[in-house]
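> Generate a structure from the sequence data that follows.
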Amino acid sequence: MTDPAIDLDRPASWPAEIQSLVSEAVQQSELSEHEAPRNASPPAVMNQVAEPVNDLGLRLYHGTRLPAREAGGISRDGLAPTSADLARRRLASALEEGTITADEAAALEASHLGDDEWRTGRIFFATSRLALADPAFAAVTERWGGDAALGN
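Okay, here's the model as predicted:
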């Protein structure tokens, strides 16, 4: 990949074709250009945008609670899609490292969403750094269990 990553927070990094598509979508809506990339995603526009970015890098953000030993595995192997097995392995790792207690591990094992139909096999990303500054993001990542522990 020779092109620099597209940063959705920096419209100047977008290929001209995508800038035009977003501009057209903005003109057809009542959103400002700054709001359009995050808040307007009509399927037709998204399908048109998908094709030109297929071969380009896209800068995305992902946040999770991460024991030190997992960082090396992610650097080496990349992020793993959500699964019940991944949730159990991560909990076992956190318990072994002493990051969580046995009672916390048992509670999180009972409430994890690793086998949730909507989440299984997926990796979730934020498309903007603004999402990472949202207090709701901090509430999910400040403690083990994330949104499952919060009952979302």
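
> What is the subsequent helix or strand relative to the helix of greatest length in the chain?
Assignment by DSSP state H gives helix 84-97 as the longest helix of the chain. Next helix or strand after helix 84-97 toward the C-terminus (DSSP states H and E): helix 102-111.

> Go through that following helix and flag the buried ones.
The neighbour-count check on helix 102-111 (16 or more other CB atoms under 10 Å) flags 104, 105, 107, 108, 109 as buried. Where you see a C-beta, it was placed from the backbone N, CA and C, and this is true even at glycine.

> so what's the spatially most central residue of the chain scoring on pLDDT?
Nearest to the mean C-alpha position of the chain, counting by CA atoms, centre = their mean, stands residue 125 at 1.4 Å. At residue 125, the pLDDT value in this model is 79.

> Can we start the residue count at 10 from this point?
OK, 10 is where the count begins now, so the last one is residue 134.

> Need the nearest residue in space to it, chain neighbours excluded.
Residue nearest to residue 134 in three dimensions, not counting chain neighbours: residue 69, with 3.9 Å by CB to CB, 6 or more residues apart in numbering.

> for residue 28, same thing?
residue 20 (6.4 Å).

> same question, residue 101
Nearest to residue 101 is residue 114, by CB to CB, 6+ apart, at 7.6 Å.

> what do you get for residue 23?
residue 15 (5.6 Å).
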